[in-house]
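>>> Starting from these lines, generate the structure:
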Amino acid sequence: MKHVFVFDPKAFYNQQWKMDNILDNIGQFFRTEDKPDFSIQFSRYRRNAILLIQEEADKAKPGDVVRIYAIGGEEILFDCLNGVAHFPDMQLAAVPYGTSNDFLKIFGKDKIDLFMDIPSLIQAKALPTDIIRWGVNYALNSCYIGMNSSMLKKVKDMKSSFNRGSFFIFSKTSAFFNNIFGVFDKQSAARNYKITIDDHDFSGHYSLIHIANGSYVAGKLSGAFSATPDDGLLDVALIKSSNPLRTLWSLRRYSSGKRPGNCIYTQAKKISIQTANPIWIQLDNEYIQDTNIDLSLVQSAVQFVAVNDLAYPMASIPSV
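Residues are numbered from 1 along each chain as shown. Take a look at the predicted model:
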């Protein structure tokens, strides 16, 4: 097996010592191996990791398994997923140095630090994992459309303008006011969508559409608490538009791991969504603006590395 460690240097801004420690751990492990086969790459810009993975695939011998380690936050994980998804003999591991690490939370919030242990990851097994496909893009965790995706895009844009402490305080304040103003904006909170889910019509006015392969979003357990990435299905939540107060209550309830009464919930393999004007779509941590979204499940498309023999659990169902 070839091991390829892909770093996102931006995830270690002002923390070069953390990256140096990881590099030391990699070197120490492979110094004990008889025939070490590894390489280290640095992703310098968005999507650069896809090209780096292509280069590693070209160098691999036919039939060799190549394990890609995405070291950083959700941006590098997204890029590495989109590189790995095209190759049947590749595996994907996440080394979490981001702020939310939503996909890994499905193993348990107390297990995330285990994925930082390089020797454990190198020796771990991989799990067949479903992914979401939209055209040439692939997502591991979820797709968010509607009021929340627009708000989260604004928060992400602000992040580069503040230091970590200021951003935390300002983002909480901004998110609160964006929610308040957003519920009164019909283009955001009551948009009309033409929706087909596995050939069934669900068209209507919605404030939020969530297509989930995992159960966490923005660091919290969502209303898609039963979504799991190895069941061959995507979980779909549609929150119907309502008056501003009920919309605010419904979104707050959904983002705290509950399902409000105006939520339609189903499972599917393919979803088609159309709307008249462009809207922000959050695909994992990637934001794309479009009017037509055709999503489908690609079953067991990726082998995802899980330390300590962890498996995908069925999410516990909280009281509603």
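>>> Which residue ranges of the stretch 1-150 of the chain form helices?
Assigned by DSSP state H, counting those that start in this stretch, the helices in the stretch 1-150 of the chain fall at 16-31, 48-59, 74-84, 118-123, 147-159.
>>> got the contact list for the shortest one?
Among residues not part of helix 118-123, those counted as contacts by Cβ atoms under 8 Å, 6 or more residues apart in numbering are 3, 22, 25-26, 29, 67, 69, 93, 95, 114-115, 305, 307-308. Yep, even glycine has a C-beta here, placed from its N, CA and C like the rest.
>>> Can you say which of those residues are buried?
Buried members of the contacts of helix 118-123, scored by 16 or more other Cβ atoms under 10 Å, are H3, I22, I26, F29, R67, Y69, A93, V95, L114, F115, V305, V307.
>>> hey, which helix or strand in this protein has the poorest pLDDT?
In the chain, no helix or strand scores lower on mean pLDDT, DSSP states H and E than helix 164-182, which sits at a mean of 48.
>>> Just the helices from the stretch 201-320 of the chain, written as ranges.
Along the stretch 201-320 of the chain, the stretches classed as helices by DSSP H, counting those that start in this stretch are 244-254.
>>> Give me the subset of the contacts of helix 118-123 lying in strands.
Secondary structure from DSSP state E places H3, R67, Y69, A93, V95, V305 of the contacts of helix 118-123 in strands.
>>> contacting residues for the third one?
With contact set as Cβ under 8 Å, 6+ apart, Y69 has these partners: H3, V4, F5, V6, A93, A94, V95, L121.
>>> pLDDT added to those, as JSON lines?
Formatted as JSON lines, these follow (pLDDT from 0 to 100):
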{"residue": "H3", "pLDDT": "97"}
{"residue": "V4", "pLDDT": "98"}
{"residue": "F5", "pLDDT": "98"}
{"residue": "V6", "pLDDT": "98"}
{"residue": "A93", "pLDDT": "98"}
{"residue": "A94", "pLDDT": "98"}
{"residue": "V95", "pLDDT": "97"}
{"residue": "L121", "pLDDT": "97"}
